[in-house]
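[1] Sequence plus the predicted model coming up.
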Amino acid sequence: MNKQECDARGYQCCLYNLLLTTVDIPQRRAYEEIHLKILTAVGLYFPAGLTFLTFEHTMTAEEVPMDPRVFIF
């Protein structure tokens with residue numbers, strides 16, 4: 001499917017738009033879930049800087065981008 005086919009069939013039918021949306025949803029959910037779990041586990045016990053550092057290392061270990069709007073292919 002090339003760009004002309006996407007334009008001709010409309011925005012909603014384009015395969016490329018569907019793929020990006022499909023990838024975006026799990027990445028955003030993973031980001032939110034990891035952030036919530038880190039805050040629940042260590043948020044009350046660690047200072048804010050150390051909590052964020054723990055969050056960064058967890059995101060790196062899980063291979064989830066720090067910005068949930070970034071697509072990794």
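    Looks like it came in fine. Computed from a predicted model, the values in this text were never measured in an experiment. Numbers count the residues shown, from 1 in each chain.

[2] Every contact and neighbour count from this point should use C-alpha atoms.
    Fine.

[3] Next up, the contacts around M59.
    Y31, I34, P65, M66 (C-alpha atoms under 8 Å, 6 or more residues apart in numbering).

[4] In helices, which of these appear?
    Among the contacts of M59, the members found in helices (DSSP state H) are Y31, I34.

[5] What part of this protein, helix or strand, is modelled with the least confidence?
    Least confident element among the helices and strands of the chain, by mean pLDDT, DSSP states H and E: helix 3-9 (a mean of 53).

[6] Can you convert the contacts of M59 into TSV and add a column each for pLDDT?
    As requested, the contacts of M59 are arranged in TSV below (pLDDT from 0 to 100):
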residue	pLDDT
Y31	88
I34	92
P65	77
M66	75
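
[7] just so I have it, where are all the helices in the protein?
    With helices called from DSSP H, the chain shows them at 3-9, 15-42, 48-61.

[8] In terms of mean pLDDT, which of those ranks lowest?
    Per-stretch mean pLDDT for those is lowest at helix 3-9 (a mean of 53).

[9] do you know how far K37 is from V64?
    14 Å (C-alpha to C-alpha, to the nearest Å).

[10] same question but for H35, I mixed them up
    Noted for H35: a distance of 11 Å to V64, by C-alpha to C-alpha.

[11] now R29
    Counting by C-alpha to C-alpha, the gap from R29 to V64 is 10 Å.
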